[in-house]
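> Turn this into a model:
(one chain, ligands or ions: 1)
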Amino acid sequence: MGRLVVVSNRIADPRKTAAGGLAVALADVLNATGGLWFGWSGKVVDATDEDEVHVQQAGPVKLATVDLSQADYDSFYLGYSNGVLWPVFHYRLDLADFDAGYIGGYRRVNQLFARKLLPFLQPDDIIWVHDYHLIPLAAELRALGCRQRIGFFLHIPLPPPLILAAIPGHDWLVRALFAYDLVGFQSKADLNHFAGYVETEAHAQPVEAGRWRAFGRTVHAGAFPIGIDVEEFTELTNAREAMDMYERMKNEYSRRKLLVGVDRLDYSKGLPQRMRAFRELLARNPETRKSATLIQIASPSRENVSAYTDILHELEALCGSINGNFGELDWMPVRYMHRNVARARLPGLYRAARVALVTPLRDGMNLVAKEFLAAQDPADPGVLVLSRFAGAAEQLREALLVNPYDSESTAAAILLALQMPVEERRTRHASMMESLRRYDVHWWCDAFLAALADARAEEKGPSWLRL
Ligand code: GDG
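The predicted model follows:
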């Protein structure tokens with residue numbers, strides 16, 4: 001294949017495995033093709049400096065970044081990306097801020113990315129754009145004459161058509177997707193929402209399975225559930241730092257079963273609902289007060305977006321009241337940390353836990369669910385309590401699937417998880433590990449790029465100038 005060019009809002013050095021996630025996923029193919037990774041540097045500068053591109057070589061891979069002006073950061077990043085698209089795509093119209101000024105900044109930064117990326121492109125490049133920050137990037141590149149193959153992957157959910165349609169300018173946004181050759185989603189549910197939207201709102205015609213025609217273009221779309229690097233995570237689990245963490249946790253909590261939650265502090269993750277379910281468990285089943293402790297890591301995230309401050313306060317109040325009402329001199333039911341845990345230690349924490357609570361209200365996929373499973377001892381594995389509204393629930397059918405809005409039934413599932421006999425835990429775990437290994441992150445990367453290589457887009461050309 002040609003050289004891979006990855007474009008995402010933030011980039012990572014693929015040589016540093018501590019980066020995890022996307023960097024691990026893309027490292028092989030970026031290295032093999034001498035690829036380029038382009039994105040925002042994370043820096044906010046004076047408007048006059050926005051024109052510079054910083055280039056750095058990471059082995060065979062080129063890393064190129066641009067800075068953003070304060071105005072662009074405010075309207076593109078805080079405003080449109082995280083104040084409109086993130087909440088609406090997670091079905092939270094109530095939290096969206098449809099300030100009319102944001103969309104201009106969103107478009108301006110996508111134009112800036114297109115303009116700055118263009119001189120780096122070679123004719124045979126395959127371009128892979130990631131996530132909601134960059135939906136119109138292909139359209140902006142096409143407007144500048146770019147004819148290369150371009151794919152897009154959405155890491156977050158795509159909501160049902162009538163929720164999407166609440167965004168002023170939603171038609172512009174979806175039309176921009178048709179500038180790609182392939183659009184990938186996390187789940188079949190997301191793909192169905194895309195089909196529903198384009199068929200009802202844009203009068204698109206399904207050409208054949210996985211292809212839709214609208215705006216004079218045909219686009220391929222499919223579900224490519226992202227996985228983890230199971231081998232890399234197993235190695236991390238067996239390494240010293242994780243093992244130390246595991247031993248410490250086992251000793252510290254030797255008299256109680258550990259429940260664990262690891263999330264970015266985000267309203268999509270259902271943290272207050274999870275605390276209410278845990279409170280319900282303690283209130284209804286007094287014996288669990290002697291047998292369960294919940295450790296909740298809520299790693300800091302987007303702290304300058306106001307909805308995040310609200311969720312922080314709500315969570316702190318809930319944890320405080322649970323500990324106040326149920327705690328004893330020698331036991332606190334909830335250990336809550338608003339801090340980052342080093343990636344090398346996380347598998348040790350997962351492995352020491354009998355139950356993982358992964359209960360988002362909406363999630364594109366949720367990799368914590370997969371990491372928890374990969375870190376378990378297959379002979380004595382923990383149990384995954386998983387929201388049916390996480391993309392991962394389409395694959396992990398042997399988890400205890402819950403409705404996170406229903407604290408009573410979630411509490412009942414947690415109790416079941418705490419009491420589950422080892423044979424049943426083993427069977428469920430083994431079956432989910434099979435799927436995790438088969439659909440790991442390398443499968444995801446290969447499947448998407450193979451589909452992109454096959455996707456033949458039609459009528460690239462002047463129509464793109466109309467966006
Ligand atoms: C988006 C979509 C989709 C968390 N806390 C700490 C920490 N983490 C790591 C986890 C995991 C990652 O962050 C979180 O991934 P998720 O998938 O759970 O969620 P998002 O960040 O919202 O990611 C999501 C994903 O993109 C990929 O497509 O699955 O649906 O929302 O790897 O381990 N890592 C460290 N310390 C922490 O405290 N080191």
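> Spell out the secondary structure type for V198.
What DSSP: H, G, I helix; E, B strand; the rest coil gives for V198 is helix.
> Tell me where the model's unsure across the stretch 101-250 of the chain.
Within the stretch 101-250 of the chain, no stretch has pLDDT under 70.
> Distance check, the residue in it positioned nearest to the ligand against S407.
Nearest to the ligand, among the residues of the stretch 101-250 of the chain, is H155, at 3.7 Å (C-beta to the nearest ligand atom). For every residue, glycine as well, the C-beta is placed using N, CA and C. Remark: distance between H155 and S407 (C-beta to C-beta, to the nearest Å) = 28 Å.
> Repeat that for E280.
Taken as C-beta to C-beta, the span from E280 to S407 is 5 Å.
> For the stretch 201-350 of the chain, what lies in contact range of the ligand?
I226, V262, R264, I297, S299, N340, V341, A342, R343, L346 (C-beta under 6 Å from any ligand atom).
> Take the residues you listed and keep only those in helices.
L346 (DSSP state H).
> Looking at the residues of the stretch 201-350 of the chain next to the ligand, point me to the pair that's furthest apart.
I226 and A342 (22.7 Å; C-beta to C-beta).
> out of these two, which sits in the busier spot?
I226 (25 against 10; other C-beta atoms under 10 Å).
> does that one really touch H442, like I thought?
No - taking contacts as C-beta atoms under 8 Å, I226 lies outside contact range of H442: 11.0 Å.
> what's the overlap in contacts for the two?
A25 (C-beta atoms under 8 Å, 6 or more residues apart in numbering).
> how many neighbours does E303 have?
10.
> What is the burial count for the residue nearest to it when sequence neighbours are not counted?
With sequence-adjacent residues excluded and distances taken as C-beta to C-beta, 6 or more residues apart in numbering, E303 is closest to T309, at 7.5 Å. Applying other C-beta under 10 Å, we find 12 residues neighbouring T309.
> element containing T309?
In this structure, T309 sits in helix 306-326 according to DSSP states H and E.
> Mind listing what's buried along the helix or strand following that helix?
Next helix or strand after helix 306-326 toward the C-terminus (DSSP H and E): strand 334-337. Judged by neighbour count (16 or more other C-beta atoms under 10 Å), strand 334-337 contains these buried residues: V334, R335, Y336.
> Kindly check the end-to-end length of stretch 152-170 for me.
For stretch 152-170, the first-to-last residue distance is 17 Å (C-alpha to C-alpha, to the nearest Å).
> Get me the contact residues on the stretch 351-467 of the chain for the ligand.
Residues of the stretch 351-467 of the chain lying near the ligand (C-beta under 6 Å from any ligand atom): D363, G364, M365, N366, L367, V368, E371.
> for the third one, what are its contacts?
The neighbours of M365, taking C-beta under 8 Å, 6+ apart as the test, are H155, Q186, S187, P225, I226, A390, G391, A392.
> swap the cut-off to 7 Å and go again
Q186, P225, I226, A390, G391, A392 (C-beta atoms under 7 Å, 6 or more residues apart in numbering).
> Check the second one too.
Contacts were defined as C-beta under 7 Å, 6+ apart; by that measure G364 touches H155, I156, P157, Q186, G391.
> Could you pull up the contacting residues of G39?
Applying C-beta under 7 Å, 6+ apart, the residues contacting G39 are V7, S8, N9, R10, I11, T65.
> Show me which positions of the helix or strand hosting the first one end up buried.
In this assignment (DSSP H and E), V7 forms part of strand 4-10. Of all the residues in strand 4-10, those buried under the rule 16+ other C-beta under 10 Å are L4, V5, V6, V7, S8, N9.
> Return the member of the residues you listed nearest to A179.
V7 (13.5 Å).
> Which parts of the stretch 151-300 of the chain are helices?
Ranges of helices in the stretch 151-300 of the chain, per DSSP state H, counting those that start in this stretch, are 161-164, 170-177, 188-200, 230-238, 240-252, 271-284.
> Compute the inter-axis angle for the second one and helix 188-200.
So that's helix 170-177. 110 degrees (axes from the mean of the first three to the mean of the last three C-alpha atoms, to 10 degrees).
> circling back to that earlier point, just the closest of the buried residues of strand 4-10 to the ligand, please.
S8 (10.7 Å).
> What pLDDT does the model give that closest one?
For S8, the pLDDT comes out at 95.
> Who are the contact partners of the spatially closest residue to L85 that is not a sequence neighbour?
Distances taken as C-beta to C-beta, 6+ apart put Y132 closest to L85, at 4.5 Å, once the chain neighbours are dropped. If you count contacts by C-beta under 7 Å, 6+ apart, Y132 has them with S81, L85, W86, F89, L154, I156.
> all helices in the stretch 1-150 of the chain, in order from the N-terminus.
Counting by DSSP H, counting those that start in this stretch, the helices of the stretch 1-150 of the chain are 21-32, 70-72, 86-89, 102-117, 137-143.
> any chance of the ones you listed in a markdown table, with mean neighbour count and distance to A166 too?
Shown next, in a markdown table, are the helices of the stretch 1-150 of the chain (neighbours: other C-beta atoms under 10 Å; distance: least, C-beta to C-beta, whole Å):
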| stretch | mean neighbour count | distance to A166 |
| --- | --- | --- |
| helix 21-32 | 20 | 29 |
| helix 70-72 | 17 | 25 |
| helix 86-89 | 22 | 7 |
| helix 102-117 | 21 | 14 |
| helix 137-143 | 25 | 22 |
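> Make TSV from these and add distance to the ligand to it.
As requested, the helices of the stretch 1-150 of the chain are exported to TSV (distance: least, C-beta to the nearest ligand atom, whole Å):
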stretch	distance to the ligand
helix 21-32	5
helix 70-72	23
helix 86-89	9
helix 102-117	19
helix 137-143	18
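> could you measure A195 against V207, distance?
Taking C-beta to C-beta, one finds A195 at 12 Å from V207.
> Which one of these two is surrounded by more residues?
A195 (16 against 13).
> Phi first, then psi, for the nearest residue to I156 once chain neighbours are set aside.
Nearest in space to I156, with sequence neighbours left out and distances taken as C-beta to C-beta, 6+ apart, is G364 at 4.3 Å. Backbone torsions of G364, given as degrees, to the nearest 10, read phi -50, psi -60.
> Please parse this protein into its domains.
For the chain, automatic domain parsing gives the domain ranges 4-227+443-454, 230-437.
> The shortest one spans what distance, first to last residue?
The one in question is domain 230-437. 6 Å.
> Same question for stretch 82-89.
End-to-end distance (C-alpha to C-alpha), stretch 82-89: 10 Å.
> Can you tell me what sits against that stretch?
95-98, 102, 132, 156-159, 163, 166-167, 302, 305.
> And those residues, which is closest to A412?
So of these, ranked by how close each gets to A412 (C-beta to C-beta), first place is P157, at 26.3 Å.
> Quickly note the distance from that closest one to T237.
29 Å.
> out of these two, which sits in the busier spot?
When neighbours are counted by other C-beta under 10 Å, P157 and T237 differ, and P157 comes out ahead with 24 against 21.
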